[in-house]
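Trainee: Quick check, what structure comes out for this input:
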Amino acid sequence: MFISHGLLVHNGSRNKKAYLEDAFSVSVGLLLLILFASSCVVNVVVFKFEVHGF
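Mentor: All right, here's what the predicted structure looks like:
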């Protein structure tokens, strides 16, 4: 949502703070996505180990 909002605002009127806020929002989103993906991988690996009894 924040990305589309940022694109709607005219570039000339945007200041450095707005760009930093967008970059921060994107970074947080990517970080959460990576954490979610890694936790899923860990769960699958642990489950396989438990099933196969290694």
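
Trainee: Sticking with Val42, tell me its helix or strand.
Mentor: In this structure, Val42 sits in helix 16-52 according to DSSP states H and E.

Trainee: for that helix, the distance to its chain's centre please.
Mentor: Taking Cα atoms, centre = their mean, to the nearest Å, one finds the center of helix 16-52 at 6 Å from the center of the full chain.

Trainee: same thing with stretch 45-54?
Mentor: Distance of stretch 45-54 from the chain centroid (Cα atoms, centre = their mean) equals 29 Å.

Trainee: Give me the mean pLDDT for it.
Mentor: If you average the pLDDT over stretch 45-54, you get 82.

Trainee: Output the lowest mean pLDDT helix or strand found in this protein.
Mentor: Each helix and strand of the chain was given a mean pLDDT (mean pLDDT, DSSP states H and E); the minimum falls on helix 2-8 at a mean of 49.

Trainee: Now the helix holding Val42: buried residues?
Mentor: Asp22 (16 or more other Cβ atoms under 10 Å). Bear in mind the C-beta positions are built from the backbone N, C-alpha and C, glycine included.

Trainee: Tell me which other helices or strands it touches.
Mentor: Contacts of helix 16-52 with other secondary structure elements, assessed using 3 or more Cβ pairs under 8 Å, 6 or more residues apart in numbering; DSSP states H and E, are made with helix 2-8.

Trainee: what about Glu50, distance to Gly29?
Mentor: Distance of Glu50 to Gly29, computed by Cβ to Cβ, to the nearest Å: 32 Å.

Trainee: Same question for Val51.
Mentor: As it turns out, when the distance is counted by Cβ to Cβ, Val51 lies 33 Å from Gly29.
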